[in-house]
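In: No letters, just coordinates:
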Ligand SMILES: [Zn+2]
């Protein structure tokens, strides 16, 4: 058992994921902050399309191609970072403990 950092006790701590599974739907709706972070439907098509368009314009030596390549690249990097952050939050959620006494969730 893990010791809760708030009440310093371990008799009522449990894995957050296990606690979440046991909650009825109405209690889940009342505690959305305890839910597993959702995976957003990442849209890769638009930034990849912009990057491809930029490359095509660069080949035809249009200056707008540089803008397309830079914008598409930046968009892809931002999207990749968001995906990585979501993956980390989900991994943390699986490691988290929950104290039923003081209703505090924490990483062990
Ligand atoms: Zn506690």
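Out: Structure's in. What do you need? Remember, it's a predicted structure, so these values are computed and weren't measured experimentally.
In: any idea how far the spatially most central residue of the chain lies from residue 28?
Out: Nearest residue to the geometric centre of the chain (C-alpha atoms, centre = their mean): residue 86, 1.7 Å. Distance of residue 86 to residue 28, computed by C-beta to C-beta, to the nearest Å: 20 Å. Every residue, glycine included, has its C-beta placed from N, CA and C.
In: still on that earlier bit, which of the helices or strands spans the residue nearest to the centre of the chain?
Out: Taking DSSP states H and E as the definition, residue 86 sits inside helix 64-95.
In: In the least confident helix or strand in the chain by mean pLDDT, which residues are buried?
Out: Lowest by mean pLDDT, DSSP states H and E among the helices and strands of the chain is helix 45-59, with a mean of 88. By 16 or more other C-beta atoms under 10 Å, the buried positions in helix 45-59 come out as 47, 50, 51, 53, 54, 57.
In: Which positions in this protein make contact with the ion?
Out: For the chain, the contact set with the ion under C-beta under 5 Å from the ion comprises 4, 6, 7, 99, 101, 102.
In: Model confidence for the first one, exactly?
Out: With respect to pLDDT, residue 4 scores 95.
In: which SS class is it?
Out: Under DSSP: H, G, I helix; E, B strand; the rest coil, residue 4 falls in the coil class.
In: Would you enumerate the residues in contact with the nearest residue to residue 99 once chain neighbours are set aside?
Out: Distances taken as C-beta to C-beta, 6 or more residues apart in numbering place residue 4 nearest to residue 99, at 3.8 Å, with adjacent residues excluded. When contacts are counted by C-beta atoms under 8 Å, 6 or more residues apart in numbering, residue 4 touches 10, 12, 13, 97, 99, 101, 102, 104, 106.
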